[in-house]
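>>> I'll drop the sequence and a predicted model, then ask my questions.
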Amino acid sequence: MWTIPKPRYRRGKEGEAEIAVNIGGVRVVLVGDVLNRYPESRLAELLNRSAQTHDDGDDTISSLCDDFDAARGEFYFDRDPDAFRCIVDVYYFDEIHIKRGICPICFIKEMEFWRIDQSALDECCRSYLSEKEVELKEIQGKVRVILEDAEGEPCATRSGRGKRLLWLLWKLLEKPGSSLPSRVVAIASFLFILVSSVVMCVGTIPELQVTNAEGKQVEHPSLEAIETACILWFTLEYLLRLASSPNKLRFALAFMNVVDFLAIVPFYVVLSLNFLGSTAMMELANVQQAVQALRIMRIARIFKLARHSSGLQTLTYALKRSLKELGLLLMYMGVGIFVFSALAYTIEQSHPETLFRSIPQSFWWAIITMTTVGYGDIYPKTTLGKCNAAVSFLCGVIAIALPIHPIINNFVVYYNKQKVLETAAKHEVELMELKSGGSPAKSCACARDGRSDTCNASSKRRLLEIQSGNP
């Protein structure tokens, strides 16, 4: 038995009301006056009810606890004693901290049982709770994806062969791990992206270009044919994915799909200007510049590789999480560039053959010096100018090195988190299949409801076990 100590100002008073509760086999004695600090809590109501009656058959007391012994004055609860140790602190300290090893989602259930508001949680525990809720939602999403891939059909019943074909087409194009044909399509798409990018680069080599009727250097016809074949593949792939998408608006607004669209559009715009536009219009300088700009936009297709590379996706997320550190880096570099370029311009003015004509021109020197590039096209010639250059590149190295560790740490944390979530999702799927008798359809029915208590409970346990290193 463990007893919460009475506050010092309460010691020495006789006849003070106390209540004995048994939480999962652990007996706890609590001071009644302290419990009344939260009169709407379960323990406070139980204290007041027990003081009013000693009848073993009191239905009110029975509704507040699992069992009670009137002779010993002890009330029994089949609850988690570790969680109760944390919750009882609110009566004495007006705040609750979740101890390490306790599932925060289950802890919230305990607080609801004891009728303690979540506002009593300390700020650090609230953020921890929010992180775990996000992780559990991600696990549930991964579980649905795994079950839908394993089942071969969406969880909801789809009427009509047309919708079933659209679903199979969606799986073929969007889920490379669902079947062998889908892997072949993903590899083919990856190769088309590489070939298109290589052709775009090779087409700029003067030796491989040909002269057209107007005497201008253009891409070789063979390279244009390969480019056209790649664009046709990208167009067909995009249209099929759009047609089979369950949510076409969401599909069209997704970032990677916008990249796909921007990689396709320039080809057709240039084609329209070439074949539908008049000769006089094509001779305008503005139109020619627009055509050239659209052709340059073909570089956007290289970002399509991120669709097939989890490593690029992880790197993108790490950079997104490191925007604060990157902003600090740009701020440090900006301040350093301004200061050292101004100093270099001022110091080098005494030299008759100075290369620093103005402070804006000195910005270029400060940039290549602080980043340790040093092209050598502009350099100081005085002794003080060289000392200023030495200090500038030392400061540049320090400024660049400072945010590197947080960025790397964000990458590692996200990568490890994804591995944990994938492992937890696989264990959850296995558990659901065992409970449903190995039927993916029944498992999928359980996964459809994101708030399923059974699914949530098993997800919480698996997540905590994996994170603690005991899968």
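That came through, no problem. Numbering: from 1, shown residues only.

>>> would you list every one of the helices in the stretch 151-300 of the chain?
161-174, 180-202, 221-244, 248-253, 255-275, 279-282, 285-296 (DSSP state H, counting those that start in this stretch).

>>> could these go into TSV alongside mean pLDDT, mean neighbour count and distance to Val134?
In short, each C-beta sits where N, CA and C put it, glycine included. TSV is the format used below for the helices of the stretch 151-300 of the chain (pLDDT from 0 to 100; neighbours: other C-beta atoms under 10 Å; distance: least, C-beta to C-beta, whole Å):
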stretch	mean pLDDT	mean neighbour count	distance to Val134
helix 161-174	82	15	24
helix 180-202	85	15	28
helix 221-244	89	16	28
helix 248-253	87	12	20
helix 255-275	78	15	20
helix 279-282	51	9	53
helix 285-296	59	12	39
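
>>> Now tabulate those in CSV and tack on distance to Gly376.
CSV is the format used below for the helices of the stretch 151-300 of the chain (distance: least, C-beta to C-beta, whole Å):
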stretch, distance to Gly376
helix 161-174, 50
helix 180-202, 27
helix 221-244, 36
helix 248-253, 47
helix 255-275, 37
helix 279-282, 43
helix 285-296, 29
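
>>> Any idea which of the ones you listed gets closest to Thr354?
helix 285-296 (36.8 Å; C-beta to C-beta).

>>> State the next helix or strand along the chain beyond the closest one.
Once the chain leaves helix 285-296, the next helix or strand it forms, by DSSP states H and E, is helix 310-321.

>>> Give me the buried positions along that following helix.
Buried residues in helix 310-321, defined by neighbour count with 16 or more other C-beta atoms under 10 Å: 314-315, 317-318, 321.

>>> That helix - contacts with which helices or strands?
Applying 3 or more C-beta pairs under 8 Å, 6 or more residues apart in numbering; DSSP states H and E, one finds that helix 310-321 contacts helix 404-435.

>>> Which elements pack onto the helix it packs on?
Where contact means 3+ C-beta pairs under 8 Å, 6+ apart, helix 404-435 is packed against helix 123-151, helix 310-321, helix 323-348, helix 440-448, helix 453-467.

>>> from the chain's centre, how far out does it sit?
12 Å (C-alpha atoms, centre = their mean, to the nearest Å).

>>> when you compare where it runs with where helix 310-321 runs, what's the angle?
Helix 404-435 runs at 120 degrees relative to helix 310-321, counting by axes from the mean of the first three to the mean of the last three C-alpha atoms, to 10 degrees.

>>> Could you pull out the buried residues of helix 404-435?
406-407, 410-411, 414-415, 417-418, 420-421, 423-425, 427-429, 431-433.

>>> Please save the CA atoms from stretch 92-103 in PDB.
Provided in PDB are the C-alpha atoms of stretch 92-103 (Å, rounded to 0.1, in the frame of the first residue of the first chain):
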ATOM      1  CA  TYR A  92      -1.900  18.100  -5.100                       C
ATOM      2  CA  PHE A  93       0.000  20.000  -7.800                       C
ATOM      3  CA  ASP A  94      -2.800  21.000 -10.200                       C
ATOM      4  CA  GLU A  95      -1.000  19.400 -13.200                       C
ATOM      5  CA  ILE A  96      -0.300  16.000 -14.600                       C
ATOM      6  CA  HIS A  97       2.800  14.600 -16.300                       C
ATOM      7  CA  ILE A  98       2.700  11.400 -18.300                       C
ATOM      8  CA  LYS A  99       5.500   9.100 -17.200                       C
ATOM      9  CA  ARG A 100       7.700   7.300 -19.700                       C
ATOM     10  CA  GLY A 101       6.300   4.000 -20.900                       C
ATOM     11  CA  ILE A 102       2.600   4.900 -20.600                       C
ATOM     12  CA  CYS A 103       0.700   5.100 -23.800                       C
END
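
>>> The chain should start at 38 in everything you say after this.
Taking 38 as the first residue, the last one we looked at is stretch 129-140.

>>> Looking at that stretch now, give me its mean pLDDT.
Stretch 129-140 shows a mean pLDDT of 84.

>>> Buried ones in it, by neighbour count?
So, applying 16+ other C-beta under 10 Å, buried residues of stretch 129-140: 133, 135, 139-140.

>>> and that stretch, how far from the chain's centre?
When C-alpha coordinates are averaged (C-alpha atoms, centre = their mean), stretch 129-140 and its chain have centres 27 Å apart.

>>> so what's the residue sitting nearest the centre point of the chain up against?
Nearest to the mean C-alpha position of the chain, counting by C-alpha atoms, centre = their mean, stands Tyr354 at 6.3 Å. Tyr354 is in contact with Tyr451, counting by C-beta atoms under 8 Å, 6 or more residues apart in numbering.

>>> domain assignment for the protein?
Annotated domains of the chain cover 39-158, 201-345, 360-439 [automatic domain parsing].

>>> can you tell which of these is closest to Arg181?
domain 201-345 (12.2 Å).

>>> pLDDT averaged over the helix or strand hosting Asp70 - what is it?
Counting by DSSP H and E, the element that carries Asp70 is helix 69-72. On average, the pLDDT along helix 69-72 is 83.

>>> what helices or strands is it leaning on?
strand 55-60, helix 79-89, helix 127-130.

>>> Let's see that with 6 Å instead.
The contact analysis (3 or more C-beta pairs under 6 Å, 6 or more residues apart in numbering; DSSP states H and E) places helix 69-72 against helix 79-89.

>>> For the nearest residue to Asp154 once chain neighbours are set aside, what are phi and psi?
Leaving out its chain neighbours, the residue that sits closest to Asp154 by C-beta to C-beta, 6 or more residues apart in numbering is Met148, at 7.7 Å. Met148 adopts backbone torsions of phi -60, psi -40, taken as degrees, to the nearest 10.

>>> Neighbours of Met148, how many?
A count of nearby residues for Met148, using other C-beta atoms under 10 Å, gives 20.

>>> residue ranges with poor pLDDT in the protein?
Filtered on pLDDT under 70, the chain yields the residue ranges 38-53, 90-96, 179, 182-197, 214, 311, 313-347, 470, 473-508.

>>> try 50
Residue ranges of the chain with pLDDT under 50: 38-49, 92-93, 191-195, 484-492, 494, 500, 503-508.

>>> separation between Leu471 and Ile176?
Plainly put, Leu471 is 17 Å away from Ile176 if you go by C-beta to C-beta, to the nearest Å.

>>> ok so Arg64 is a helix residue?
No. Per DSSP: H, G, I helix; E, B strand; the rest coil, Arg64 lies outside any helix segment and is strand.

>>> For burial, what's the neighbour tally of it?
15.

>>> Tell me what it is bridged to.
Asn59 (DSSP bridges).

>>> Pull the contacting residues for Leu380.
Asn425 (C-beta atoms under 6 Å, 6 or more residues apart in numbering).

>>> ok, now with 10 Å
Contact partners of Leu380, counting by C-beta atoms under 10 Å, 6 or more residues apart in numbering, are 396, 399, 403, 417, 421-422, 424-426, 428-429.

>>> Can I get stretch 74-90 in PDB? Just the C-alpha atoms.
The C-alpha coordinates for stretch 74-90 follow below in PDB (Å, rounded to 0.1, in the frame of the first residue of the first chain):
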ATOM      1  CA  ARG A  74     -10.500  20.400  -4.900                       C
ATOM      2  CA  TYR A  75     -11.900  18.700  -8.000                       C
ATOM      3  CA  PRO A  76     -15.600  18.100  -6.900                       C
ATOM      4  CA  GLU A  77     -16.600  16.800 -10.300                       C
ATOM      5  CA  SER A  78     -14.000  14.100 -10.400                       C
ATOM      6  CA  ARG A  79     -15.000  10.400  -9.800                       C
ATOM      7  CA  LEU A  80     -13.000  10.100  -6.600                       C
ATOM      8  CA  ALA A  81     -14.600  13.300  -5.100                       C
ATOM      9  CA  GLU A  82     -18.100  12.100  -5.900                       C
ATOM     10  CA  LEU A  83     -17.200   8.600  -4.500                       C
ATOM     11  CA  LEU A  84     -16.000  10.200  -1.200                       C
ATOM     12  CA  ASN A  85     -19.200  12.300  -0.800                       C
ATOM     13  CA  ARG A  86     -21.500   9.400  -1.600                       C
ATOM     14  CA  SER A  87     -19.700   7.000   0.800                       C
ATOM     15  CA  ALA A  88     -20.000   9.600   3.500                       C
ATOM     16  CA  GLN A  89     -23.800   9.800   3.000                       C
ATOM     17  CA  THR A  90     -24.500   6.000   3.100                       C
END
